[in-house]
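Q: turn this into a model:
(chains A and B)
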Protein chains: 2
Amino acid sequence: MNWYTEQWSKDCRFSIAYDKALYSEKSPFQQIDFYQGTEFGTFFTLDGLMMVNEKDEFIYHDMIVHPAFATNPNIKSVLIIGGGDGGTAREVLRYPTVEEVVMVEIDERVFRLCQEYLPLTAKGVEEDNRMNLIFDDGLAYVKNAKNESFDLILVDSTDPISVGEGLFTTAFYKECYRVLKEDGILINQHESPYFSEYATNMKKAHKKIKDIFPITNVYQYHMPTYPSGHWLFGFASKTLDPIKDLKKEAWTDFGLQTKYYNTDLHVGAFNLPNYVREALIRGE
Amino acid sequence: MNWYTEQWSKDCRFSIAYDKALYSEKSPFQQIDFYQGTEFGTFFTLDGLMMVNEKDEFIYHDMIVHPAFATNPNIKSVLIIGGGDGGTAREVLRYPTVEEVVMVEIDERVFRLCQEYLPLTAKGVEEDNRMNLIFDDGLAYVKNAKNESFDLILVDSTDPISVGEGLFTTAFYKECYRVLKEDGILINQHESPYFSEYATNMKKAHKKIKDIFPITNVYQYHMPTYPSGHWLFGFASKTLDPIKDLKKEAWTDFGLQTKYYNTDLHVGAFNLPNYVREALIRGE
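A: Next up, the predicted model:
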């Protein structure tokens, strides 16, 4: 048996068995590796960090997409920054009310390889005529986008190292604010509170977003294959509150089957443990 | 660097670095090992499974104890089954309203060794004059206990193998029902939904409790050092509902500082993901 091992912190390691190393490539941006195993199915890593596996990708993709749509069921235009595996786009495209999805992924190789090795997340995304796939830097894209272009921005990024770094900056979040419409929502991959390196990133990202958006919240989810299994998204908006403006019935009317998300869990996910709350308030 | 490694499933492993193996003993009931590391501090395992470490024991102990007290702030008599590390008793004893705590731990060695190596959880427990420490089998104890003796039973057990096995039986839960008072609450260590072996235990335990108690609920918490990090407690009672009967103000009036639990999180924790809900409804 072969083992893929990820160092979650200096003192903590997580390992997954695989039967076969499917493919490996060094793109201009990062090291990309695909593996195939039994329990976790096919999975891939970027620079040695777990991105997506077939066992629990549904958790991440449910939680990055559905809370925003249950807060504003009239979302028509969506910008996805990153999201090269296609899973976020797949969930967004389930909404018939969505008219346009711009997905800006810096590394085309990630998307092409997922089309080949991970159809669970990538299949059908490119073919949907509402999709506008752009392979470019996310920060450069938002800088050039028009004011108030989008109802929703989903920052589906890696950690703030290497290619993800520019997405965890005040400059980037300011541009996001500018290109969001009046009711616009930003969902940010917000890292994790448990291991100190991730907690530092969480605090930095949150502080930057809080300085720009009038409404900022954080919600949590159980993602067993990410470090500590305790992960967060940031919810930021100009006018909408994810709890007060939650439209349970309207979301249920979409009739979407989901394996993780439901509107009760939506409310619950915003209720954070004290140690997380305090770290977010304290900031850096 | 030395690594303690736990097999979370056939295809998944979790490892923690330690500087020193502090102590090892085979008691009449199980293999007990204490380690000392940097990030996780002192930790101990039973039959090779992580029980308690200094980094995140507060999460488990907050969540096994406080939701019941926020539902019934008049709890006076508490029965702890298991809980040999002392952490559950430590949290219960913080309530000045508690008059009597019976703790029935099958393996005295676990408690004695925690007194020596893990004062964070065990210190002061035996000295509290409200404590009645009994080293015996939990099932045998409840069989001989009088009707309606306790306001609260906390089943702080290992997995349903070896010494924990008798605690995951219908016979045990029936005795719990009998010895609980009219407003009695049972909190059960309910395992985890993600890895199949743990999910099977979760479903079995829940089905048995549901057949006995009129009110049964399940709540979740983020426990990074337990398999998958996604763990559950069962809440069962004769009359009290953990949401409708939640007494936020009364709990806040206790003035307890907690690092994980708060009464908003209490409500949120009962809102489970669809795949967990469905597994619990489907049962075995």
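Q: list the contacts for residue A:60?
A: A:52, A:87, A:221, A:223, A:226, A:231 (C-beta atoms under 8 Å, 6 or more residues apart in numbering or on different chains). The way it works is simple: take the backbone N, C-alpha and C, and place the C-beta from them, glycine included.
Q: closest residue of chain A to chain B?
A: Minimum separation of chain A from chain B (C-beta to the nearest C-beta) falls at residue A:229, amounting to 2.5 Å.
Q: which non-adjacent residue is nearest that residue?
A: residue B:229 (2.5 Å; C-beta to C-beta, 6 or more residues apart in numbering or on different chains).
Q: thought the one you found was touching residue A:226?
A: No. Checked against C-beta atoms under 8 Å, the pair residue B:229 and residue A:226 is beyond contact range at 9.1 Å.
Q: buried ones in stretch A:242-253?
A: Within stretch A:242-253, the residues scored as buried using 16 or more other C-beta atoms under 10 Å in any protein chain shown are A:242, A:246, A:251.
Q: that stretch and chain B in contact?
A: No. Using C-beta under 8 Å from any C-beta of the partner chain, we find that stretch A:242-253 stays clear of chain B, coming within 10.5 Å at best.
Q: contacts for that stretch?
A: Contacts to stretch A:242-253, defined as C-beta under 8 Å, 6+ apart, come from residues A:66-67, A:69-73, A:217, A:219, A:235, A:263, A:266-267, A:270.
Q: repeat that for stretch A:189-203.
A: A:8-9, A:12, A:64, A:82, A:155-157, A:159-160, A:168, A:205-206, A:218, A:226-228, A:230-234, A:273, A:275-276, A:279-280, A:282-284, B:56, B:222, B:224.
Q: please pick the buried ones from the residues you listed.
A: Among these, those buried by neighbour count (16+ other C-beta under 10 Å) are A:8-9, A:12, A:64, A:82, A:155-157, A:159-160, A:168, A:205-206, A:218, A:226-228, A:230-234, A:273, A:275-276, A:279-280, B:56, B:222, B:224.
Q: quick one, phi psi at the spatially closest residue to residue A:163 that is not a sequence neighbour?
A: Excluding its sequence neighbours, the residue lying closest to residue A:163 (C-beta to C-beta, 6+ apart) is residue A:29, at 4.9 Å. Main-chain dihedrals, residue A:29, degrees, to the nearest 10: phi -110, psi -30.
Q: from residue A:47, how far off is residue A:29?
A: Remark: distance between residue A:29 and residue A:47 (C-beta to C-beta, to the nearest Å) = 9 Å.
Q: one more: residue A:242?
A: Here residue A:242 is placed at a distance of 32 Å from residue A:47 (C-beta to C-beta).
Q: just residue A:80 next, same as before
A: Distance, residue A:80 to residue A:47, using C-beta to C-beta: 21 Å.
Q: narrow the contacts of stretch A:189-203 to those in helices?
A: A:64, A:205, A:206, A:275, A:276, A:279, A:280, A:282 (DSSP state H).
Q: which ones among those residues also lie next to chain B?
A: Contacts with chain B within the ones in helices among the contacts of stretch A:189-203, as defined by C-beta under 8 Å from any C-beta: residue A:275.
Q: report the two of the ones in helices among the contacts of stretch A:189-203 separated the most.
A: Spatially, the most separated pair among these is A:64 and A:282, at 25.6 Å (C-beta to C-beta).
Q: wait, residue A:181 touches residue A:150, no?
A: Yes. Assessed by C-beta under 8 Å, residue A:181 is found in contact with residue A:150 at 6.5 Å.
Q: quick one: the strands in the stretch 1-150 of chain A?
A: Using DSSP state E, counting those that start in this stretch, the strands of the stretch 1-150 of chain A run over residues A:2-9, A:12-18, A:20-26, A:31-36, A:42-46, A:49-53, A:77-82, A:100-105, A:131-135, A:150-156.
Q: the fifth one packs against which elements?
A: Under the contact criterion of 3 or more C-beta pairs under 8 Å, 6 or more residues apart in numbering or on different chains; DSSP states H and E, strand A:42-46 touches strand A:2-9, strand A:31-36, strand A:49-53, helix A:108-117.
Q: thinking again about what came up before, as a markdown table, the strands of the stretch 1-150 of chain A with mean pLDDT would be great.
A: Converted to a markdown table, the strands of the stretch 1-150 of chain A look like this (pLDDT from 0 to 100):
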| stretch | mean pLDDT |
| --- | --- |
| strand A:2-9 | 98 |
| strand A:12-18 | 98 |
| strand A:20-26 | 98 |
| strand A:31-36 | 98 |
| strand A:42-46 | 97 |
| strand A:49-53 | 97 |
| strand A:77-82 | 98 |
| strand A:100-105 | 98 |
| strand A:131-135 | 98 |
| strand A:150-156 | 98 |
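Q: intersection of neighbour lists for residue A:181 and residue A:150?
A: Common contacts of residue A:181 and residue A:150, defined by C-beta under 8 Å, 6+ apart, comprise residue A:77.
Q: more neighbours: which of those two?
A: Higher neighbour count among residue A:181 and residue A:150: residue A:150, with 25 against 18, using other C-beta atoms under 10 Å in any protein chain shown.
Q: hmm, residue A:180 and that one touching each other?
A: Yes. Residue A:150 lies in contact with residue A:180 (C-beta under 8 Å); the separation is 5.8 Å.
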